[in-house]
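Enquirer: I'll drop the sequence and a predicted model, then ask my questions.
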Amino acid sequence: MNDRAAAWDQAPAGLLLLADDGTVLDANTTFLRWVGRPADEVVGRVRLSQLLSVGGRIYWETHLSPLLHVEGRADEVALELRSAGGRMPVLVTAVVAPDGGVRVSVSSARDRSRYERELLAARKEADAAARRTQVLQDVTAALSAAVGLDGVAAALLAATPSLAARAATCWLTDPQGRLVAHSATGEEAGTSAPLSARSWPRAALVADGRVLVPLHGRSGLLGVLSLLPDDGAGAEPPDLAVLTAVGQQAGAALERASLFDRSAAIAHQLQQALLTAPLPQDERVVVTTAYRPGVESLEVGGDWHDAFHLDDHVLAVAVGDIVGRGLDAAVAMGQLRSAGRAVAGPGVGPAQVLGALDRFVQRVPGSTAATLLYGELDLLTGRFRFACAGHLPPLLLGGDGAARLLWDGRSTPLGLTGPGSQRAEAVVDLVPGDRLLLYTDGLVERRDRPLPTRLDELVEVGAQTRALEPQDAVHAVTDRLLPPGEGHDDVCLLLLSWLGPA
């Protein structure tokens, strides 16, 4: 055997020469070893397609053979050879020879197939890791934005589909440390198996067909998220590592929410104590108030209203708003409300009251730039003197049905006047039956509508309430301008109805 023949016979790839119909005319030793047959059983007796798997044979006869006749070659076609050890993945390159026949090179693709399988497995794992990271990021973001215990529970339940579950119940600990069903999605709250008091681990676990995710804070167990795994076709099993991380984030969020709720409760109590003080009783005037807490946050704000007699014939009224929210704003509101009562008195007047409060807010943290509408009604004459420190204008509802905003007597918010500046004030003379509506900005300010448009709506709605009793009129205004489901800030209203001298 010469060198050329030896190279053909012992090449690392299988080499063949085929007739036009695919019959094997010659095959080297490598190929014969792969198929596990001697040369006299292959050469001149079988077609190459007969040595392929069923799928490979069909592909050869329907695609590869016609392609060779049309284009004269085919490169690195992945097929499976029926070898002595079973199916063997190979890459086939075939070229139609100028002198007739088809020259074929068959190379083993086992290493390449293994590499591709490993690459596919690595890619699937990377995709799964990316999905786990995304789920954790999404849940963490939702928990960070959640307000209060209800908000944290809602954020957890909203993530149920991404946690490979079809139903979930959020259990929270009560003051005695017992787990109580708080809320659920996809099932009735509390319908899952009752959770007994036990020493909960920090990792998620599977029990009785459910996945239980403990929600630990620094002080101990704050709740448990009970998940019913998704058992649909193609559903992935719950990832306990991700669920454990979700539980850790939720536990921290619950701890923050508990502190927040306690702070909000204190602020609410303070605000309610101030806003529910007895209103002045006088046969010459009716004072009607309303307070609507904001629906975009559980925090209280610094809105307030007030009404008190300066003497037997003068009634002072005020509506104000501290910049900011929360306990600090509520405390500042209480101090400023009390200061307003302290500096007001017979003969002082609205402009002087605001001037005195300008100096006061400099000593009260968080109260600078507060807005305030302060006015004094002479119950004998109906004359109303008022001053607006950056506040929205009062709405005059005339007894004749007319309605208009009073834009006079305006100046900057409290604490922002220059040295020696004098506050402006204005006067309007009421007739018996006239009403004045004082309000805070939460009634009319919206992110999606211009303020002038909303003030026009207020004028229109106010005019339509003229025939209603004062309490009904206040309810009508708030119901029309604060429809259910629409976000708004805290709102204080004070409706002053002058009936005339006794």
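Expert: Now that the structure is in, tell me what you want to look at. Residues are numbered from 1 along each chain as shown.
Enquirer: rest of the way, CA atoms for contacts and neighbours
Expert: Fine.
Enquirer: Sketch out the low-pLDDT regions of the stretch 151-300 of the chain for me.
Expert: Scanning the stretch 151-300 of the chain for pLDDT under 70 picks out the ranges 191-199, 233-234, 260-277, 294-300.
Enquirer: hey, where'd the strands end up in it?
Expert: Under the criterion DSSP state E, counting those that start in this stretch, the stretch 151-300 of the chain contains strands at 165-173, 179-185, 205-207, 210-217, 220-229, 285-292.
Enquirer: Now render those strands as JSON lines, adding mean neighbour count and distance to Gly247.
Expert: JSON lines is the format used below for the strands of the stretch 151-300 of the chain (neighbours: other CA atoms under 10 Å; distance: least, CA to CA, whole Å):
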{"stretch": "strand 165-173", "mean neighbour count": "23", "distance to Gly247": "11"}
{"stretch": "strand 179-185", "mean neighbour count": "20", "distance to Gly247": "15"}
{"stretch": "strand 205-207", "mean neighbour count": "14", "distance to Gly247": "11"}
{"stretch": "strand 210-217", "mean neighbour count": "24", "distance to Gly247": "5"}
{"stretch": "strand 220-229", "mean neighbour count": "23", "distance to Gly247": "8"}
{"stretch": "strand 285-292", "mean neighbour count": "19", "distance to Gly247": "35"}
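Enquirer: tell me the pLDDT at Ala342?
Expert: On the pLDDT scale, Ala342 is placed at 93.
Enquirer: Assumed it was part of a helix.
Expert: Yes. Secondary structure assignment places Ala342 in a helix (DSSP: H, G, I helix; E, B strand; the rest coil).
Enquirer: Neighbours of it, how many?
Expert: Ala342 is flanked by 10 other residues according to other CA atoms under 10 Å.
Enquirer: circling back: I'd like the strands of the stretch 151-300 of the chain laid out as CSV, including distance to Trp60.
Expert: CSV is the format used below for these (distance: least, CA to CA, whole Å):
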stretch, distance to Trp60
strand 165-173, 47
strand 179-185, 55
strand 205-207, 51
strand 210-217, 51
strand 220-229, 46
strand 285-292, 79
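Enquirer: dump the residue contacts of the residue minimising distance to the centre of the chain.
Expert: Nearest to the mean C-alpha position of the chain, counting by CA atoms, centre = their mean, stands Ala142 at 5.0 Å. For Ala142, the contact set (CA atoms under 8 Å, 6 or more residues apart in numbering) comprises Ala155.
Enquirer: Name the SS class of it, please.
Expert: helix.
Enquirer: Tell me how far Gly324 lies from Val353.
Expert: Noted for Gly324: a distance of 23 Å to Val353, by CA to CA, to the nearest Å.
Enquirer: between those two, who's got more neighbours?
Expert: For Gly324 versus Val353, neighbours defined as other CA under 10 Å are more numerous around Val353 (21 against 17).
Enquirer: pLDDT at that one, what is it?
Expert: For Val353, the pLDDT comes out at 96.
Enquirer: ok, now which ones touch it?
Expert: Contact partners of Val353, counting by CA under 8 Å, 6+ apart, are 340, 343-344.
Enquirer: Only whichever of these are buried, select them in PyMOL.
Expert: A single PyMOL command selects the buried members of the contacts of Val353 (16 or more other CA atoms under 10 Å):
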select buried, resi 340+343+344
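Enquirer: between the contacts of Val353, which is nearest Pro278?
Expert: Nearest to Pro278 among these is Gly340, at 16.9 Å by CA to CA.
Enquirer: looking at it, that closest one is touching Arg359, isn't it?
Expert: No. Applying CA atoms under 8 Å as the test, Gly340 and Arg359 come out as separate, 11.8 Å apart.
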